[in-house]
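S.K.: Need the 3D shape of this:
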Amino acid sequence: MPRNTQSTILVTGGAGFLGFHLCRRLLADGHRVICLDDLSSGPREHVQHFLDHPAYSFIEHDVREPIALQVDQIYNLACPASPTAYQADPIKTNLTSVLGARNMLDLACSTGARMVHSSTSEVYGDPLVHPQPESYWGNVDIVGPRACYDEGKRCAEALIADYRRMRGVDCRVARIFNTYGPGMREDDGRVVSTFVVEALQNRDVTVQGDGSHTRSMCYVDDLVEGLIRMMAVEPAPSGPLNLGNPDEISVLDFARRVLEATGSRSRLVFLAEAVDDPHVRRPDISRATFELGWVPRVALDAGLARTIDYFRGRSATASLSQRLDGDRAAPATGEVTPEPAE
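M.R.: Next up is the predicted model:
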């Protein structure tokens, strides 16, 4: 929707890493924002940052339970996204994906709201097709330790497809690939935060496996821009769209880049490979580029520098506002040009 049109927008999981940045952007664009979160993994600090904003309100609520609100748009982001968090209570994780999607779809039905649902690259599992297009059905272990997240998101996508066909709900599905940036939790177990924190503290940088696994890391501001374009585009995309950075890097090369960027004295230490950890991950974003006019703009070195500065600020006990002000001041250098689909 045009930025000069004020909407009332619900962001479930709005206290989480991605939800926090989305709320920040929506408020900057002049919208009224309702953040809904049970604070089981999102830090309360992310809520407190906005409480003085007149267009922001917070509801502490579990998305697995229905809720009645009057809203124009819904971004459904509620679900732990890091392995450490979603494996801590796998039953809750699965039900959050499925029941949360159902409850938000019912809310969209009753209000006529447009909805964007956050799915994940994990629906592709350990892929046998590379890079991963939206047409790929995936290679997922449906009973492994990651299945609570992978299969919960896959079931939510099936539910959304049925609501679209049977009830005409305008719900768009974003399959989100690895996203990073300021605001990540130190203990969330993801590669970026883990390596940066270990390096800044001059502790061993712990690589699971031999480091040959690959990831494609998208800076959070780019990802938020993709979500907002998904909400605005007319007509709605015909199916899920990949949102991520097609610039692929091995975990080992990324660890070395972190060590260089931080000037750390840390050693690289190799641990056992994580169970069901995908060996490759790279999005085919040709559809998102065509349908949304979207490509990631922030190069890895620039985004990593901002993220390191953020975690340095945490070590210095700077306020969240001070750490984010440093993020805004950093240059957004480096443009990513996506390669054509293979």
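S.K.: Could you verify that residue 78 is part of a helix?
M.R.: No: inclusion of residue 78 in a helix is not indicated when DSSP: H, G, I helix; E, B strand; the rest coil is applied; the result is coil.
S.K.: That one contacts residue 96, correct?
M.R.: Yes: the pair residue 78 / residue 96 is scored as a contact, 6.1 Å apart, by Cβ atoms under 8 Å. Where C-beta positions appear, they are placed from N, C-alpha and C, glycine not excepted.
S.K.: Show me which of these two is the more surrounded one.
M.R.: residue 78 (29 against 26; other Cβ atoms under 10 Å).
S.K.: How about the contacts made by that one?
M.R.: Residue 78 makes contacts with 12, 13, 16, 19, 36, 37, 38, 63, 96, 100, as judged by Cβ atoms under 8 Å, 6 or more residues apart in numbering.
S.K.: Most neighbours among these, which one?
M.R.: residue 16 (32 neighbours).
S.K.: what's around the closest residue to it other than its chain neighbours, how many residues?
M.R.: Spatial nearest neighbour of residue 16, excluding adjacent residues (Cβ to Cβ, 6 or more residues apart in numbering): residue 42 at 4.1 Å. When neighbours are defined as other Cβ under 10 Å, residue 42 has 25 of them.
S.K.: Can you verify my assumption that residue 42 contacts residue 21?
M.R.: No: here residue 42 does not reach residue 21: they are 11.8 Å apart, not a contact under Cβ under 8 Å.
S.K.: residue ranges with poor pLDDT in the stretch 51-200 of the chain?
M.R.: The model of the stretch 51-200 of the chain has no residue with pLDDT under 70.
S.K.: again, only this time at 80
M.R.: 82 (pLDDT under 80).
S.K.: Break down it into its strands, ranges please.
M.R.: Counting by DSSP state E, counting those that start in this stretch, the stretch 51-200 of the chain has strands at residues 56-60, 73-76, 114-120, 171-176, 179-180.
S.K.: and the longest one, what does it pack onto?
M.R.: Helices and strands in packing contact with strand 114-120 are listed as strand 73-76, helix 90-111, helix 147-167, strand 171-176, helix 220-232; criterion 3 or more Cβ pairs under 8 Å, 6 or more residues apart in numbering; DSSP states H and E.
S.K.: Can you get me a residue count around the closest residue to residue 30 other than its chain neighbours?
M.R.: Nearest non-adjacent residue to residue 30, counting by Cβ to Cβ, 6+ apart: residue 6, 5.5 Å away. As a burial measure, residue 6 scores 13 neighbours (other Cβ under 10 Å).
S.K.: My read is that residue 73 contacts residue 9, right?
M.R.: Yes: Residue 73 lies in contact with residue 9 (Cβ under 8 Å); the separation is 4.5 Å.
S.K.: Neighbour count: these two, which is higher?
M.R.: Each of residue 73 and residue 9 has its neighbours counted (other Cβ under 10 Å); residue 9 has more, 26 against 23.
S.K.: Could you check the angle the helix or strand hosting the more buried one makes with strand 56-60?
M.R.: Secondary structure assignment for residue 9, by DSSP states H and E: strand 8-12. Angle, strand 8-12 to strand 56-60, by axes from the mean of the first three to the mean of the last three Cα atoms, to 10 degrees: 40 degrees.
S.K.: Return the distance of strand 8-12 from the chain's centre.
M.R.: 16 Å (Cα atoms, centre = their mean, to the nearest Å).
S.K.: C-terminal to it, what's the next element?
M.R.: With DSSP H and E, the next secondary element past strand 8-12 is helix 17-28.
S.K.: Excluding its own residues, what touches stretch 133-144? List them.
M.R.: For stretch 133-144, using Cβ under 8 Å, 6+ apart, the contacting residues are 122-129, 147, 150-151, 154, 175, 239-242, 275-276, 284, 286-287, 341.
S.K.: now do stretch 249-268
M.R.: Contacts for stretch 249-268 (Cβ under 8 Å, 6+ apart): 191-192, 195-196, 198-200, 202-205, 207-217, 300-301, 304-305, 308.
S.K.: ok, 7 Å please
M.R.: 191, 195-196, 198-200, 202-205, 207, 211-215, 304-305, 308 (Cβ atoms under 7 Å, 6 or more residues apart in numbering).
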